[in-house]
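Engineer: What shape does this take:
(3 chains)
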Amino acid sequence: MRAVPSILHIDMDAFFAAVEQRHKPSLRGKPVVVGGVGLRGVVSTASYEARVYGIGSAMPTAVARRRCPNAAYLFPRFGAYHEVSQVVMGLLREVTPLVEPVSLDEAFIDLAAMPDGGPGTVEDVRALARRISDQVEQRTGLTASVGAGTSKLVAKVASDAEKPHGCVVVAGGSEQEWLDPLPVRKLWGVGPATADRLLKLGATTVAQLRALSESELVGLLGHAWGGQLYRLSRGQDDREVSPDRETKSVSVEDTYPHDLMDRPAIRAAITELAERVVRRLKESGHTGRTVTVKARGHDFTTVTRSETLAAPTDDPRLLIPAALRLVDGAADAATGQMHGIRLLGVGISGLAEYAQGDLIAELEGLAAEEDEADGEPEREGEAAAVRAQPDPAPSAVPGATAPSAVPGAPSAVPAVTLYGPVPVASEGRRWLAGKDVRHAERGPGWVQGAGLGRVTVRFEGPDTPPGRIGTFSVDDPALEPVDSAEVARAALPARAVGH
DNA sequence: TCTGGGGTCCTAGGACCC
DNA sequence: TCTGGGGTCCTAGGACCC
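Structural biologist: Numbering: from 1, shown residues only, chains lettered A, B, ... in the order given. Coordinates of the predicted model:
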């Protein structure tokens, strides 16, 4: 545990509303509410003038309008918020290289990572925190609240303590004393459900929470969270400020102003959402393996259904059908087969950096279809047959053979490119995926073969147990047969790749 | 009052493998 | 021959945050 409170949390005050007020002087000093303005909208941010009327985040806009009809109700302009956010984050990066943005309006920074080692005393920290706060105001015209502590938890709670425009520094050694009188709800991660459970054990303040034993908390809240809260209530928090956290999932969802009442409307909506999420996935430079569909019924019953593909992909021709396979079951479960759907969503997780693995996912996806079609049982150690489909353009795969590049192939004729070491069928059931596929990147086992007609590739991958050989075939009667021997020969040395 | 949209992390059970 | 335990993956749901 560090002695100097060198972790800072910077939190912009009523950020979205403040940006709007800066943008439009006529809104200054007036109640401003930013959020969904439609029938089913909720408040994202209320200006301090609006909070006086009891308006707060996550409140239905309809309620807010009743409480303060004269406020300005504005739809969020994320582009504008993003720009201001960049200015703030840039400023913080001038102070220290260790900046962890939490959201558009919030970040942790670690002063101990400053080139000169950072401030050595509480007073130095206080002076620097004030200077940062002043600079934010100068450069953006907006105010921020700053908290400083020896841990993320304390810094976060401190920034919230004197909002707006607060600056609270909690000296090393005084954390526990400072936290004790606070309601448990102030601790980061304690929401309504946890607070309720703690209340049953008689704990409403941090001091009372601290009187509980670790085993009591674990019994109440589960292993991870119980233990964590036991330590947090003592000001013990060794989480680092980490600048580049990986994205774990991408998702898109819509609440519809009027419930969707029939299957065609639901399927059309899910297709549109899936297209959007794939676009976002590609923009982020990722591929993903698991598709999740979310549905919420008229009575707010919310369910998810998910499916994991064999390998990460960003191909809409695999992802959209996956979403469509899931949506009927999800919608039925959310509505009890009656009434409408108020929300639909599509998410993709199991992300990987974009790699050529998506092509293999494509092949696997097609294999799954043929499985259903012919019902042919797979033999031990043998992969599913793969049927080429119209238009499987390999697109941006590095080194992929585009359909048009296959000599003599009509443009509508599919070409299939196999990369090696091609994932090996696991017990004949499915392709090894994800991490295994990454072994396929370049190297002596790299296989590329374009197949027209029936192409059967026998191969062994780096992880193939002795004696297990996968078989891969592409079958389309409309195509000319090609010699598969070359592909097969190229595939076999793949065995050496993994050593 | 009637509940957004984007995320993260955790739990628990079942399948499967060794 | 019968039974066991641990690890990993997948799915579904829930709590929480901004």
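Engineer: DNA strand B contacts on the stretch 101-250 of chain A?
Structural biologist: Within reach of DNA strand B by CB under 7 Å from any atom of the strand, the stretch 101-250 of chain A has these residues: A:222-225, A:245-250. All C-beta atoms are positioned from the backbone trio N, CA, C, and that covers glycine.
Engineer: now, which of the residues you listed lie within strands?
Structural biologist: A:249-250 (DSSP state E).
Engineer: so which of the residues of the stretch 101-250 of chain A next to DNA strand B is the most crowded?
Structural biologist: Greatest neighbour count in these, by other CB atoms under 10 Å, goes to A:Val250: 21 neighbours.
Engineer: Show me the beta-bridge partners of it.
Structural biologist: Judged by DSSP bridges, the bridge partners of A:Val250 are A:Ile348.
Engineer: Please determine how far it is located from A:Met59.
Structural biologist: Between A:Val250 and A:Met59 the computed distance is 28 Å (CB to CB, to the nearest Å).
Engineer: where are the low-confidence patches of chain A?
Structural biologist: A:337-338, A:355-499 (pLDDT under 70).
Engineer: Relative to DNA strand C, which residue of it is the closest?
Structural biologist: A:Gly191 (2.2 Å; CB to the nearest atom of the strand).
Engineer: how close does the residue nearest to that residue when sequence neighbours are not counted sit to DNA strand B?
Structural biologist: Leaving aside its chain neighbours, A:Gly191 sits nearest to A:Arg185 (7.9 Å; criterion: CB to CB, 6 or more residues apart in numbering). A:Arg185 sits at a distance of 16 Å from DNA strand B (criterion: CB to the nearest atom of the strand, to the nearest Å).
Engineer: phi, psi of A:Arg185?
Structural biologist: The phi/psi pair for A:Arg185 (degrees, to the nearest 10) reads phi -60, psi -20.
Engineer: surely it meets A:Ala193?
Structural biologist: No: here A:Arg185 does not reach A:Ala193: they are 11.2 Å apart, not a contact under CB atoms under 8 Å.
Engineer: more neighbours, those two?
Structural biologist: A:Arg185 (14 against 9).
Engineer: what about A:Leu319, how many neighbours?
Structural biologist: Neighbours around A:Leu319, by other CB under 10 Å: 24.
Engineer: which element is it on?
Structural biologist: According to DSSP states H and E, A:Leu319 maps onto helix A:316-335.
Engineer: How about residues contacting that helix?
Structural biologist: Residues from elsewhere that reach helix A:316-335 (CB atoms under 8 Å, 6 or more residues apart in numbering): A:263, A:266-267, A:270-271, A:273-275, A:277-278, A:288, A:291-298, A:301-307, A:309, A:313, A:341, A:344, A:346, A:348, A:361-362, A:365, A:391-392.
Engineer: Contacts (any at all) between DNA strand C and it?
Structural biologist: Yes: using CB under 7 Å from any atom of the strand, helix A:316-335 reaches DNA strand C at A:Ala333.
Engineer: end to end, how far does stretch A:53-68 reach?
Structural biologist: 6 Å (CA to CA, to the nearest Å).
Engineer: A:Pro243 contacts A:Pro97, doesn't it?
Structural biologist: Yes: A:Pro243 is within contact range of A:Pro97, at 7.5 Å (criterion: CB under 8 Å).
Engineer: Between those two, tell me which one has more neighbours.
Structural biologist: More crowded of A:Pro243 and A:Pro97, by other CB under 10 Å: A:Pro243, with 17 against 13.
Engineer: Could you say which helix or strand holds that one?
Structural biologist: Going by DSSP H and E, A:Pro243 is not part of any helix or strand.
Engineer: what sits against it?
Structural biologist: A:97-100.
Engineer: what do you get if the cut-off is 6 Å, keeping everything else the same?
Structural biologist: Going by CB atoms under 6 Å, 6 or more residues apart in numbering, A:Pro243 touches A:98-100.
Engineer: try A:Val34
Structural biologist: A:16-17, A:44-45, A:74, A:76.
Engineer: what do you get if the cut-off is 7 Å, keeping everything else the same?
Structural biologist: A:16-17, A:20, A:44-45, A:74, A:76 (CB atoms under 7 Å, 6 or more residues apart in numbering).
Engineer: Report the separation between it and A:Ala144.
Structural biologist: Distance, A:Val34 to A:Ala144, using CB to CB: 18 Å.
Engineer: and the residue nearest to A:Ala211 when sequence neighbours are not counted, which of the three is it?
Structural biologist: Take A:Ala211 and drop its neighbours on the chain: the residue closest to it by CB to CB, 6+ apart is A:Ala203, 7.2 Å away. Following DSSP: H, G, I helix; E, B strand; the rest coil, we place A:Ala203 in the coil state.
Engineer: Quick one: residues contacting A:Ala203.
Structural biologist: A:184, A:209, A:212.
Engineer: And the residues you listed, which is closest to A:Arg93?
Structural biologist: A:Val184 (34.0 Å; CB to CB).
Engineer: so the closest one touches A:Asp196, yeah?
Structural biologist: No: using CB atoms under 7 Å, A:Val184 is not in contact with A:Asp196, being 10.4 Å away.
Engineer: Neighbour count for the two, which is higher?
Structural biologist: For A:Val184 versus A:Asp196, the count of surrounding residues by other CB under 10 Å is larger for A:Val184: 20 against 9.
Engineer: if I look at the more buried one, how far off is DNA strand B?
Structural biologist: Distance from A:Val184 to DNA strand B, by CB to the nearest atom of the strand: 18 Å.
Engineer: who in chain A is up against DNA strand C?
Structural biologist: Residues of chain A lying near DNA strand C (CB under 7 Å from any atom of the strand): A:57-58, A:102-106, A:156, A:187-195, A:289-290, A:292, A:302-308, A:333, A:350, A:433.
Engineer: Return the members of these classed as buried.
Structural biologist: For those, a burial check counting by 16 or more other CB atoms under 10 Å picks out A:104-106, A:156, A:187, A:190, A:194, A:289-290, A:292, A:303, A:305-306, A:308, A:333, A:350, A:433.
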